[in-house]
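K.L.:
Predicted model follows, preceded by the sequence.
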Amino acid sequence: MAFVTRQFIRSLSSSAALHAAIKHVTIIGGGLMGAGIAQVAASTGHSVVLVDTSEDILKKSAKGIESSLKRVAKKKFAEKPEDGEAFIQKILKNISTSTDAASVVQGTDLVVEAIVENLKVKQDLFGALDKAAPEHTIFASNTSSLPIADIASSTARLDRFGGLHFFNPVPMMKLVEVIKAPGTSQQTFDSLLEFSKALGKHPVSCKDTPGFIVNRLLVPYMLEAVRLHERGHGSKEDIDVAMKLGAGYPMGPFELLDYVGLDTSKFIIDGWHEKDPDNPLFAPSPLLNKLVAEGKLGKKTDVAVSSFI
Ligand SMILES: CCCCCCCC(=O)CC(=O)SCCNC(=O)CCNC(=O)[C@H](O)C(C)(C)COP(=O)(O)OP(=O)(O)OC[C@H]1O[C@@H](n2cnc3c(N)ncnc32)[C@H](O)[C@@H]1OP(=O)(O)O
Ligand SMILES: NC(=O)C1=CN([C@@H]2O[C@H](COP(=O)(O)OP(=O)(O)OC[C@H]3O[C@@H](n4cnc5c(N)ncnc54)[C@H](O)[C@@H]3O)[C@@H](O)[C@H]2O)C=CC1
């Protein structure tokens, strides 16, 4: 009995040690999501390396993180603004940047990928990182719409691979969907749940099904808003106002599409349409296709102007 108890306590403490082990995080992709995830991880005391393809992009990511932190500090230190600068600098010290993912993952506990929503590109990245990262390193994807199992299939660490789906803007949105793919071990899943909590987020458990929970509901709604407008049944402005004042959404669907990025939205819809071509919920939108072809991608193209105008 005493032995069982000791064993039990030992297994509990080794699982706690595993959870505590996520200290060093590598975020791949310094765009809208990666920069936000890096900011939140650094703000909660993690040591973060942010990776992208060029120094110029990383400079832009760092600028975005700093201005977001300024907004946080302005609120947090409203009474004592002089403490705000020290708060920002302390967090920025936890973040370094790199363009060489394979070398920085050598010392990391967790890789969170937030690059372009393309299966092949994600698989190539993880396939290469799998060879470079230590045994214990957990891999996670922030994909909006792709099956985690498909992304993980380019690696030999299916048990240490899961989904961590954050929401935009990451510093403000409390939810993280934690996805357990068929190969994800319980230990990995628990570590991802613990990590989400350590970031101050509220995790929910998801199966590896298309769109998990939020996007399975949100994407058809947003597309239906675009189709309603395409049919001439409402102006973009009226649809946005209607959903804000009539349904209590903080942003209307067109405002949100601008915020999320029209390119990312198109990647999601095209991918689902290809898999399920007869499903009218995922039919491509001529308006969205036209705007993306014109390079109008939403706020990421021009913060001040809506791509839908
Ligand atoms: C068709 C396919 C489509 C597929 C899409 C899939 C994408 C995904 O995979 C999943 C997603 O992320 S979906 C998007 C989920 N996000 C939302 O729905 C956001 C909705 N908007 C909001 O919650 C608020 O407008 C929001 C919180 C953003 C802003 O709040 P407010 O509306 O009250 O407006 P503000 O006056 O601008 O902000 C108030 C204060 O909030 C703070 N803040 C906002 N943004 C911040 C940021 N980025 N960093 C730091 N602080 C921030 C800030 O304190 C601000 O006050 P000020 O600084 O004085 O303006
Ligand atoms: N935009 C949103 O609201 C949300 C997006 N997501 C998902 O997060 C991921 C990223 O989305 P965003 O941040 O919006 O995209 P983004 O376009 O803002 O940023 C993507 C970044 O990844 C970089 N990148 C591309 N390939 C790379 C590679 N091989 N190695 C390193 N960096 C690379 C790009 O240079 C770019 O800076 C996508 O999978 C998307 O579906 C998830 C939740 C919300």
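P.N.:
Received it, and whenever you're ready, just let me know what you need. These figures come from a predicted structure and were not determined experimentally. Ligands and ions are numbered 1, 2, ... in the order given.
K.L.:
Strands along the stretch 51-200 of the chain, start to end?
P.N.:
95-98, 110-113, 138-141, 161-165, 175-180 (DSSP state E, counting those that start in this stretch).
K.L.:
pretty sure Lys299 is in a strand, no?
P.N.:
No - applying DSSP: H, G, I helix; E, B strand; the rest coil, one finds Lys299 to be coil, outside a strand.
K.L.:
list the contacts for it?
P.N.:
258-259, 261 (CB atoms under 8 Å, 6 or more residues apart in numbering). In this view, the C-beta of every residue, glycine as well, is placed from N, C-alpha and C.
K.L.:
Now do the phi/psi pair for it.
P.N.:
phi -60, psi -30 (degrees, to the nearest 10).
K.L.:
ok so, going back, now the strands of the stretch 51-200 of the chain in a markdown table, with distance to ligand 2?
P.N.:
As requested, the strands of the stretch 51-200 of the chain are arranged in a markdown table below (distance: least, CB to the nearest ligand atom, whole Å):
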| stretch | distance to ligand 2 |
| --- | --- |
| strand 95-98 | 10 |
| strand 110-113 | 8 |
| strand 138-141 | 7 |
| strand 161-165 | 6 |
| strand 175-180 | 9 |
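K.L.:
Now distance to ligand 1 and mean neighbour count too, for these, in a markdown table please.
P.N.:
Listed next are these as a markdown table, based on distance: least, CB to the nearest ligand atom, whole Å; neighbours: other CB atoms under 10 Å:
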| stretch | distance to ligand 1 | mean neighbour count |
| --- | --- | --- |
| strand 95-98 | 15 | 18 |
| strand 110-113 | 14 | 26 |
| strand 138-141 | 12 | 28 |
| strand 161-165 | 6 | 26 |
| strand 175-180 | 9 | 22 |
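K.L.:
want to try CSV for the ones you listed, with mean pLDDT as columns?
P.N.:
Output for these, formatted as CSV (pLDDT from 0 to 100):
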stretch, mean pLDDT
strand 95-98, 98
strand 110-113, 98
strand 138-141, 98
strand 161-165, 98
strand 175-180, 98
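K.L.:
For the closest residue to Gly64 other than its chain neighbours, give me the backbone phi and psi.
P.N.:
Sequence neighbours aside, Ala35 is the residue nearest to Gly64 in space, at 5.0 Å (criterion: CB to CB, 6 or more residues apart in numbering). Taking degrees, to the nearest 10, you get phi -60, psi -40 for the backbone angles of Ala35.
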